[in-house]
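Asker: attaching a predicted model along with its sequence, questions to come.
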Amino acid sequence: QDYAAFRRERSRLLLARRNQLLLEFSFWNEPLPRRGPHVYELRTYKLKASPGTMIEWGNNWARAIKYRQENQEAVGGFFSQIGELYVVHHLWAYRDLQSREETRNAAWRKSGWDENVYYTVPLIRSMESRIMIPLRISPLQ
(Lines give C-alpha, C1' and ligand atoms only; values in the text may rest on other atoms or scores of the structure.)
Protein backbone atom coordinates (compact mmCIF):
# COMPACT_ATOMS: atom_id res chain seq x y z
CA GLN A 1 0.00 0.00 0.00
CA ASP A 2 2.84 2.39 0.84
CA TYR A 3 4.51 1.73 -2.49
CA ALA A 4 1.26 2.25 -4.40
CA ALA A 5 0.76 5.58 -2.60
CA PHE A 6 4.33 6.58 -3.41
CA ARG A 7 3.81 5.79 -7.13
CA ARG A 8 0.60 7.85 -7.22
CA GLU A 9 2.35 10.82 -5.59
CA ARG A 10 5.38 10.47 -7.87
CA SER A 11 3.21 10.35 -10.98
CA ARG A 12 1.89 13.83 -10.16
CA LEU A 13 5.47 15.16 -10.44
CA LEU A 14 6.41 13.50 -13.73
CA LEU A 15 5.80 15.09 -17.10
CA ALA A 16 7.34 12.30 -19.17
CA ARG A 17 9.23 9.10 -18.74
CA ARG A 18 11.06 6.75 -21.09
CA ASN A 19 13.14 3.65 -20.58
CA GLN A 20 15.87 2.02 -22.60
CA LEU A 21 17.71 -1.24 -22.36
CA LEU A 22 21.31 -0.60 -23.42
CA LEU A 23 24.17 -2.84 -24.46
CA GLU A 24 27.83 -1.86 -24.23
CA PHE A 25 29.95 -1.62 -27.35
CA SER A 26 32.54 -4.41 -27.19
CA PHE A 27 35.46 -2.13 -28.10
CA TRP A 28 34.78 0.40 -25.32
CA ASN A 29 36.19 0.36 -21.81
CA GLU A 30 33.99 -1.23 -19.19
CA PRO A 31 32.82 1.47 -16.75
CA LEU A 32 34.92 1.06 -13.63
CA PRO A 33 34.90 2.95 -10.33
CA ARG A 34 37.24 5.95 -10.49
CA ARG A 35 38.55 8.46 -8.02
CA GLY A 36 37.48 12.02 -8.47
CA PRO A 37 36.65 14.64 -8.59
CA HIS A 38 35.30 14.44 -12.14
CA VAL A 39 32.53 15.92 -14.16
CA TYR A 40 30.88 13.59 -16.64
CA GLU A 41 29.56 14.29 -20.08
CA LEU A 42 26.82 12.08 -21.46
CA ARG A 43 26.63 12.50 -25.23
CA THR A 44 23.54 11.04 -26.87
CA TYR A 45 23.36 10.47 -30.61
CA LYS A 46 20.13 9.58 -32.36
CA LEU A 47 21.14 7.91 -35.59
CA LYS A 48 19.31 7.68 -38.87
CA ALA A 49 17.12 4.59 -38.70
CA SER A 50 18.24 2.51 -41.64
CA PRO A 51 19.75 -0.98 -41.89
CA GLY A 52 23.48 -0.98 -41.26
CA THR A 53 23.66 2.43 -39.55
CA MET A 54 24.51 1.03 -36.11
CA ILE A 55 27.11 -1.35 -37.57
CA GLU A 56 28.74 1.49 -39.50
CA TRP A 57 28.72 3.68 -36.37
CA GLY A 58 30.29 0.91 -34.29
CA ASN A 59 32.97 0.17 -36.90
CA ASN A 60 33.98 3.83 -37.08
CA TRP A 61 34.05 4.25 -33.30
CA ALA A 62 36.07 1.05 -32.86
CA ARG A 63 38.81 2.92 -34.76
CA ALA A 64 38.10 6.37 -33.27
CA ILE A 65 38.18 5.38 -29.58
CA LYS A 66 41.99 5.04 -29.65
CA TYR A 67 42.21 8.83 -30.14
CA ARG A 68 40.35 9.42 -26.89
CA GLN A 69 42.14 7.04 -24.49
CA GLU A 70 45.23 9.03 -23.46
CA ASN A 71 43.60 10.76 -20.50
CA GLN A 72 41.34 7.83 -19.61
CA GLU A 73 38.31 10.01 -20.31
CA ALA A 74 36.34 7.27 -22.09
CA VAL A 75 34.02 5.73 -19.49
CA GLY A 76 31.48 3.80 -21.56
CA GLY A 77 29.75 3.49 -24.90
CA PHE A 78 26.26 1.99 -25.19
CA PHE A 79 23.54 1.46 -27.78
CA SER A 80 19.82 0.88 -27.37
CA GLN A 81 18.28 -2.58 -27.69
CA ILE A 82 14.81 -1.87 -26.27
CA GLY A 83 13.06 1.48 -26.29
CA GLU A 84 13.91 4.02 -28.96
CA LEU A 85 16.27 2.24 -31.33
CA TYR A 86 19.29 3.68 -33.17
CA VAL A 87 20.34 5.61 -30.06
CA VAL A 88 23.95 5.70 -28.86
CA HIS A 89 25.28 7.06 -25.55
CA HIS A 90 28.93 7.92 -24.86
CA LEU A 91 29.99 8.68 -21.29
CA TRP A 92 33.19 10.70 -20.75
CA ALA A 93 34.99 11.77 -17.56
CA TYR A 94 36.95 15.00 -17.15
CA ARG A 95 38.60 16.72 -14.18
CA ASP A 96 36.61 19.85 -14.97
CA LEU A 97 35.10 21.72 -17.91
CA GLN A 98 38.47 23.25 -18.82
CA SER A 99 40.07 19.79 -19.16
CA ARG A 100 37.06 18.74 -21.25
CA GLU A 101 37.77 21.54 -23.70
CA GLU A 102 41.51 20.80 -23.79
CA THR A 103 40.98 17.05 -24.28
CA ARG A 104 38.43 17.52 -27.05
CA ASN A 105 40.66 20.05 -28.84
CA ALA A 106 43.65 17.70 -28.54
CA ALA A 107 41.71 14.97 -30.37
CA TRP A 108 41.32 17.26 -33.39
CA ARG A 109 45.11 17.65 -33.58
CA LYS A 110 45.59 13.88 -33.96
CA SER A 111 45.87 12.57 -37.49
CA GLY A 112 42.88 10.33 -38.21
CA TRP A 113 40.37 11.74 -35.72
CA ASP A 114 38.85 14.09 -38.30
CA GLU A 115 38.42 11.19 -40.74
CA ASN A 116 36.43 9.17 -38.21
CA VAL A 117 34.22 12.16 -37.45
CA TYR A 118 33.74 12.74 -41.19
CA TYR A 119 32.29 9.24 -41.62
CA THR A 120 30.04 9.32 -38.54
CA VAL A 121 28.46 12.77 -38.93
CA PRO A 122 26.23 11.71 -41.87
CA LEU A 123 24.80 8.92 -39.70
CA ILE A 124 23.49 11.34 -37.03
CA ARG A 125 19.91 12.61 -36.92
CA SER A 126 20.38 14.60 -33.69
CA MET A 127 22.75 14.82 -30.74
CA GLU A 128 22.69 16.06 -27.17
CA SER A 129 25.33 16.72 -24.52
CA ARG A 130 24.67 16.76 -20.78
CA ILE A 131 27.15 17.56 -18.02
CA MET A 132 26.66 15.55 -14.84
CA ILE A 133 28.24 15.78 -11.40
CA PRO A 134 28.27 12.49 -9.47
CA LEU A 135 26.59 12.09 -6.11
CA ARG A 136 28.83 11.19 -3.17
CA ILE A 137 27.49 7.62 -3.25
CA SER A 138 28.45 7.07 -6.90
CA PRO A 139 31.42 4.77 -7.61
CA LEU A 140 32.22 7.07 -10.54
CA GLN A 141 33.73 10.08 -8.79
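Answerer: Yep, it's here.

Asker: quick one: A107 and K66 touch, right?
Answerer: No - using C-beta atoms under 8 Å, A107 is not in contact with K66; the gap is 10.5 Å. (Each C-beta comes from the backbone N, C-alpha and C, glycine too.)

Asker: which one of these two has more residues nearby?
Answerer: A107 (17 against 14; other C-beta atoms under 10 Å).

Asker: now do the SS call for that one.
Answerer: Under DSSP: H, G, I helix; E, B strand; the rest coil, the three-state class of A107 is helix.

Asker: residues in contact with it?
Answerer: Contact analysis of A107 by C-beta atoms under 8 Å, 6 or more residues apart in numbering lists Y67, R68, W113.

Asker: what backbone torsions are found at the second one?
Answerer: When quoted as degrees, to the nearest 10, the phi and psi of R68 stand at phi -120, psi 30.

Asker: likewise for the first one?
Answerer: For Y67, the backbone dihedrals (degrees, to the nearest 10) come out as phi -80, psi -10.
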